[in-house]
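>>> Following is a predicted model, sequence given first.
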Amino acid sequence: MKTLIDFEQQQPLPTRFFTQALQNHCMVNAYIFRGKDFATSYRLVLRLAQIINCSQRPNPAAACGQCQSCRWIEDNAHPGVMTVSNLTYLPDIDPETGTSKTKSGKPSQVIKVDQLDNLLNELALHSGGFHRIIILTGAQECPATEHDVQPFPPPKDWRQTEGVLFDLLPLDRKVFPDKLANKFLKTLEEPPLDVLFFLLTDSEDKLLDTIVSRCQLVPFNTPASCYTIDLSPIERETFGTLFAPGHYGDFLAQTTLLNQLVADTGIDLPDVLTRLQAFLQEQLETHVENAVKYQRIKRLIMQVEHAKNMIRDRVKEEPALEEMFLSFSLS
């Protein structure tokens, strides 16, 4: 049986959000996944696709994992699950034989008009009884070393080359130019039946406001690998002081410290919070054998991520910091 529980530890909020949506039969037609854990975001969409398209669902929030649809999606080869990215290519058709010829040349850096047209033409056709899942994302090819593993099953229409792996990038206005986004907007406004759209990005500010307004935003936690940052001595001193006696539990003192660091370094507050997460990640790695401290530091990292999301959602910085420091004192 396939459920979303596999994602609970890494991404608790999206896991619980979609489990409840599936159980209550209240999925909307378009979502923006915001975060930097693109491989997990992508795999979660594929798991949702399995659950929604499973022909022998054990319950509304689970897939059997054995039916044809489940097996197709496990290999990312389901006809109703489409990934649209700058790496998606359309084969040239030989006019004499009617067979396809693989295009040559370097991968594109942007989604092209013919790719979007192909998607819209596909959506105009009968679904064949499937719920169609459309994923829009940026992507790139990267050389693989001997021990590298592909972190997600790539779509079958991405060119498979020996020694090359695929990495996902945020959907933004470079990958998805405004002209194409405006053309896509009409489909979001009048979505076909049984179609769900998932847009993967690290910030909704990188997409057209009109696109964002028609999607439900789902924030994802930032993976630990993104917290590997070289911290300056002043940053280490400030972050250490946040949790020292005399400051810990004192919202005003902690806020003053962070604001002073912003002023001294010229780094904006969301980036300072990311650097605080890097500091906490270092502490996490030194307390692996202490279960209580380890879990507490993990909660602190998630609470900082929540504060960053609040600021991105245009909540004023002071209330976001107040909520974060309050949650610190309760952890």
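Here it is on my side, so go on. Because the structure is predicted, anything quoted here is derived from the model rather than measured.

>>> Spell out which strands sit alongside the host helix or strand of residue 142 in the sheet and which way each one runs.
Element membership of residue 142 [criterion: DSSP states H and E] is strand 138-143. Paired strands of strand 138-143, with direction, are strand 164-169 (antiparallel) (DSSP bridges).

>>> How far away from the center of its chain is the strand it pairs with?
Put simply, strand 164-169 sits 14 Å off its chain's centre (C-alpha atoms, centre = their mean, to the nearest Å).

>>> Going forward, count from 43.
Sounds good: first residue 43 from here, last item strand 206-211.

>>> Sort out which residues of it are buried, please.
Across strand 206-211, burial judged by 16 or more other C-beta atoms under 10 Å covers 207-208, 210-211. Backbone N, C-alpha and C define where each C-beta goes, glycine included.

>>> Check stretch 79-91 too.
Applying 16+ other C-beta under 10 Å to stretch 79-91 flags 79-80, 82-91 as buried.

>>> Of the residues you listed, which is the nearest to residue 254?
Nearest to residue 254, judged by C-beta to C-beta, of the buried residues of stretch 79-91 is residue 83 at 16.6 Å.

>>> From the contact counts, what lies against the host helix or strand of that closest one?
Following DSSP H and E, one finds residue 83 within helix 80-95. Applying 3 or more C-beta pairs under 8 Å, 6 or more residues apart in numbering; DSSP states H and E, one finds that helix 80-95 contacts helix 54-65, strand 72-76, helix 110-116, strand 123-126, strand 174-178, strand 206-211, strand 237-243.

>>> do that again at 7 Å, thanks
Identification of packing neighbours for helix 80-95 by 3 or more C-beta pairs under 7 Å, 6 or more residues apart in numbering; DSSP states H and E yields helix 54-65, helix 110-116, strand 174-178, strand 206-211, strand 237-243.

>>> Where does pLDDT dip in the chain?
131-148, 188-190, 264-270, 330, 373 (pLDDT under 70).

>>> Tell me which other helices or strands the helix ranked longest in it touches.
The residue-count maximum for a helix in the chain (DSSP state H) belongs to helix 333-354. Packing partners of helix 333-354 (3+ C-beta pairs under 7 Å, 6+ apart): helix 311-327, helix 359-372.

>>> can I get these in TSV with distance to residue 277?
Converted to TSV, those look like this (distance: least, C-beta to C-beta, whole Å):
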stretch	distance to residue 277
helix 311-327	6
helix 359-372	17
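
>>> got the angle for the longest helix of the chain vs strand 72-76?
120 degrees (axes from the mean of the first three to the mean of the last three C-alpha atoms, to 10 degrees).

>>> Return the distance of residue 106 relative to residue 114.
13 Å (C-beta to C-beta, to the nearest Å).

>>> I should have written residue 155 there, sorry.
Counting by C-beta to C-beta, the gap from residue 155 to residue 114 is 28 Å.

>>> and the two? which has more neighbours close in?
Legend: neighbour count by other C-beta atoms under 10 Å for residue 155 and residue 114, higher for residue 114 (18 against 12).

>>> Hmm, residue 108 and the more buried one touching each other?
No - counting by C-beta atoms under 7 Å, residue 114 stays clear of residue 108, with 11.8 Å between them.

>>> can I see the domain layout of this structure?
47-263, 268-372 (automatic domain parsing).

>>> What's the end-to-end length of stretch 208-216?
19 Å (C-alpha to C-alpha, to the nearest Å).

>>> relative to helix 54-65, how tilted is the helix holding residue 83?
Using the same axes, to 10 degrees: helix 80-95 against helix 54-65 is 10 degrees.

>>> correct me, but residue 300 touches residue 314?
Yes - under the criterion of C-beta under 7 Å, residue 300 makes contact with residue 314 at 6.3 Å.
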